[in-house]
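S.K.: show me how the following folds:
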Amino acid sequence: MYAEVVIGISVDKLDKTFCYRVPEHLGDAENLIGAEVIVPFGMGNRETKAYVVEIKEDTEVDKHLIKDILMKSENSVNIETKLIELACWLKNNYGGSMNEALRSVLQAPKKVNHIKARTVSLLTDRDEAAEKLKEFERKKYSLKTKILAKAIEGEFSYENFIKNEKSAASAFKSLVKDGIIEIKEELLYRKPVKISDKNTGKAELGEEQKRAVDKVVNDYKSGIMGRYLLFGITGSGKTEVYMEIMEEVIRSGRQVIFLIPEIALSFQMVERLSARFGERISVMNSKMSQGERYDQYLRAKNGDIDIIVGPRSALFTPFSNLGLIIVDEEHEGSYKSSKTPRYHARETALYRAGKENAAVILGSATPSLEAVKLASDKKIEVLMLTERPAGALLPEIEVVDLREELRAGNKSIISKKLSELIKDRLAKKEQTILFINRRGYAGFVSCRSCGEAVKCPHCDVSLTFHRPDRLICHYCGYEEKMPDKCPKCESPYISTFGLGTEKVEEIVKNDFPVARVLRMDGDTTTGKYGHEAIIEKFKKGEADILIGTQMIVKGHDFEKVTLVGILAADLSLFLGDFRAAETTYELLVQAAGRAGRGRYRGEVVIQTYKPEHYAIQSAATGNYKEFYTKEIHYRKLGEYPPEKHLLGIILYSVKPEEVTRAGEVLAGYLKGEKSEEVTVNGPVWAAIPKIRDIYRKIIYLKSSVRNELVRAKNQVEIYTKENPHFNKVSVQFDFEPQGNP
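M.R.: This next block holds a predicted model:
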């Protein structure tokens, strides 16, 4: 038998498979599919790690040149065959190498230390043990006496005993050798989440919720693995609908992948799901240790988990009998990978579910235009939730024109209206959320004399000021001390401009000194449980005001929050991205949805310099149809997704002249193909031309047929490998780009 292997998935340049012979000592060759093995590679036969992606009985390769696989890697976890197929699909549909695709689907680390629990028990009969105990006492074998006496009482932990008697190992060994006791080993799995000890049972569903559940469950029982868009306003009880459907799937012996847009939501979601479904639930995300990821991978592979919760990477959980994939808040941009292959979890979920005969539910209060397009094309079915359960009311929303505030003499980021409402909530012992989508203390630092902004030396972006005196690049992590004079003209008149979460925190503490304030952003949640600690404090009422970036407005349910202030609704509106209006609408609706989810009606204040913009007007009135009608009109005019498919071909080089020349050559080649189905635009500099000392140019391709862009991608892959202009230029592909690449 022969194996096709991919050499070391950390090596991208070897984007091909190599043929090796499977020796008899490795057993059944079919069991090697997906396994990590050691092979002799190259002229020097260097021992190298590889992954087996295919087994075949014969090969066209010259048999005399084929080498044997040396061994299977110790403690390696096989990649499921279907995940290898999924990796192939990622590579073919999104670009990149097979190695990069395999890295995406393989969530477990190569090798970790196992945690084992050892239990000591009596092996001989009790009478003989009693005689031995007397003998040990007579001979003054103190450790053997202690061990045997404890074993006679019953089973006990080897590890706990060794903690107190560090020299007892040899005594244990002797007793085992003599057949008096036995020590059993059991593999322990690390548990990365706290499982709720509450049993909440089922909630009473409303009529709309029941109709949604009945539709999906009846389809499922009939063998119809449907694709659904659960379009429910904020607070409409989408999670309760999910759980009812999940119960049916689990009852049928199948597993569920529950995707969430932010790791910060893991704690709340697991707590809620485990209260309903018990311990057979876990998470998969990048905040976990290697050991935790390894163990959850094994648990899922062995069928010890029914539900896995996590961001987009959890989509590659190796369930053997997948029955349902839920993509909650499917509109979120975080479902699009920023690393090659730049897949979208929504599309990948639909593909994996189709291959494994599973159902898919996309859930959102603000569906992406792509999801609505799928619905209009009859590829998914829409289930509507238009009301909050138990008579809960939607919040009152007021738009504040910051231009009028300035004319009235208020230069603060907190409007007069919002200030009054915060004071009211403090008096009532209710909670407030203040949302601004920029972390740090100030947006940038600039010289008032010459206008020079202090920039990162490695990226074409301004540095962000963080207290007490640091300037930080949010793209590469570069840091420097706040200068006391302008680096260009040496003027002392250098100052901060704009504001971020740190500055807002300072203003709030100054304006409302009695308030207990928490801040939640990328700087305060760096630790493993950073998100959970802040959320738990706020839930317990240990703070009156929570200030944060978009991570605080995604799916959290705070019962005591009755006021949400959106401090600068314009921040996401002018990003130079064709999705800017959609992103703004989604953020505003999601932020507003955090208010009034408990017993009391909430209020929302949207502060903006553009109150007339349709995204802000539609969000304030909660009118998705109005927003969609206007936004899809602009997408059609600009021929942007979802009306047409878009492919960004990104060129990278350390030298600007090399990337410029390569861009011109590639654009010339593509335009020379003269395809009626594909239009070519560019090359243009990326929105941020340089990041981490790498220069970037982009060529954009548009087509009404996605497969035409895939075909163009394949042509570019071949062309750039053969053309010397690309020897020092890297090429990446970004289908349906999110934001500015």
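
S.K.: show me the domain layout of this structure.
M.R.: Domain ranges of the chain: 2-105, 115-188, 207-290+303-385, 396-441+498-635, 645-735, per the TED database.

S.K.: any chance of those in TSV, with distance to residue 450, mean pLDDT and mean neighbour count too?
M.R.: Heads up, the C-betas are built off the backbone N, CA and C, glycines and all. As requested, these are exported to TSV (distance: least, Cβ to Cβ, whole Å; pLDDT from 0 to 100; neighbours: other Cβ atoms under 10 Å):
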stretch	distance to residue 450	mean pLDDT	mean neighbour count
domain 2-105	43	85	17
domain 115-188	60	88	14
domain 207-290+303-385	35	93	20
domain 396-441+498-635	19	86	19
domain 645-735	22	93	17
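
S.K.: which one of the ones you listed lies closest to residue 478?
M.R.: domain 645-735 (8.9 Å; Cβ to Cβ).

S.K.: closest to residue 471 out of the domains of the chain?
M.R.: Evaluated over those, closeness to residue 471 peaks at domain 396-441+498-635, with 9.5 Å, by Cβ to Cβ.

S.K.: now do the end-to-end distance for that closest one.
M.R.: In terms of Cα to Cα, to the nearest Å, the two terminal residues of domain 396-441+498-635 are separated by 30 Å.

S.K.: equivalent analysis for stretch 372-386, please.
M.R.: 16 Å.

S.K.: can you say which of the domains of the chain is nearest to residue 455?
M.R.: Counting by Cβ to Cβ, and looking across all of these, nearest comes domain 645-735 at 9.9 Å.

S.K.: all strands for the stretch 501-650 of the chain, in order.
M.R.: Secondary structure of the stretch 501-650 of the chain (DSSP state E, counting those that start in this stretch): strands located at 517-520, 545-548, 561-566, 603-608, 645-653.

S.K.: which elements pack onto the fourth one?
M.R.: The elements that strand 603-608 packs onto, with contact taken as 3 or more Cβ pairs under 8 Å, 6 or more residues apart in numbering; DSSP states H and E, are strand 396-401, helix 402-407, helix 416-428, strand 561-566, helix 580-592, helix 614-621.

S.K.: can I get the fifth one in CSV? Just the C-alpha atoms.
M.R.: What that stands for is helix 580-592. What follows is helix 580-592, C-alpha atoms only, in CSV (Å, rounded to 0.1, in the frame of the first residue of the first chain):
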residue,chain,number,x,y,z
ALA,A,580,-19.6,50.5,6.2
ALA,A,581,-23.3,51.3,6.3
GLU,A,582,-24.2,47.7,6.9
THR,A,583,-21.6,47.4,9.7
THR,A,584,-22.9,50.6,11.3
TYR,A,585,-26.5,49.5,11.1
GLU,A,586,-25.7,46.1,12.6
LEU,A,587,-23.6,47.6,15.5
LEU,A,588,-26.3,50.1,16.4
VAL,A,589,-29.1,47.6,16.4
GLN,A,590,-27.1,45.1,18.4
ALA,A,591,-26.0,47.7,20.9
ALA,A,592,-29.5,49.0,21.3
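
S.K.: so which of the domains of the chain comes closest to residue 458?
M.R.: Of all those, domain 645-735 sits nearest to residue 458, with 4.9 Å by Cβ to Cβ.

S.K.: that closest one: how far from the chain's middle?
M.R.: Offset of domain 645-735 from its chain centre (Cα atoms, centre = their mean, to the nearest Å): 27 Å.

S.K.: end to end on it, go ahead and measure it.
M.R.: 8 Å.

S.K.: show the contacting residues for the nearest residue to residue 701 once chain neighbours are set aside.
M.R.: Of all residues beyond its chain neighbours, the one nearest residue 701 is residue 647 (4.4 Å), with distances taken as Cβ to Cβ, 6 or more residues apart in numbering. Contact analysis of residue 647 by Cβ atoms under 8 Å, 6 or more residues apart in numbering lists 700-703, 709, 712-713, 733-735.

S.K.: let's see it at 6 Å
M.R.: 701, 709, 735 (Cβ atoms under 6 Å, 6 or more residues apart in numbering).

S.K.: TSV for the residues you listed, including secondary structure?
M.R.: Converted to TSV, those look like this (DSSP: H, G, I helix; E, B strand; the rest coil):
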residue	secondary structure
701	strand
709	helix
735	strand
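
S.K.: nearest to residue 71, of those residues?
M.R.: residue 735 (39.2 Å).

S.K.: and the gap between the residue nearest to that closest one when sequence neighbours are not counted and residue 689?
M.R.: Nearest residue to residue 735, sequence neighbours excluded (Cβ to Cβ, 6+ apart): residue 647, at 5.4 Å. Using Cβ to Cβ, to the nearest Å, residue 647 is found at 20 Å from residue 689.

S.K.: how close does residue 664 sit to residue 510?
M.R.: For residue 664, the distance to residue 510 - Cβ to Cβ - is 54 Å.

S.K.: now do residue 55
M.R.: For residue 55, the distance to residue 510 (Cβ to Cβ) stands at 68 Å.

S.K.: same thing with residue 482?
M.R.: Using Cβ to Cβ, residue 482 is found at 21 Å from residue 510.

S.K.: now do residue 323
M.R.: According to Cβ to Cβ, residue 323 and residue 510 sit 53 Å apart.

S.K.: for residue 377, same thing?
M.R.: Residue 377 is 53 Å from residue 510, by Cβ to Cβ.

S.K.: kindly report the same for residue 649.
M.R.: From residue 649 to residue 510 the distance is 49 Å (Cβ to Cβ).

S.K.: before we move on, the earlier item: quick one: closest of the strands of the stretch 501-650 of the chain to residue 341.
M.R.: The closest of the strands of the stretch 501-650 of the chain to residue 341 is strand 645-653. By Cβ to Cβ, the value is 12.9 Å.

S.K.: pull up the pairing partners for the closest one, direction included.
M.R.: strand 694-703 (antiparallel), strand 730-735 (antiparallel) (DSSP bridges).
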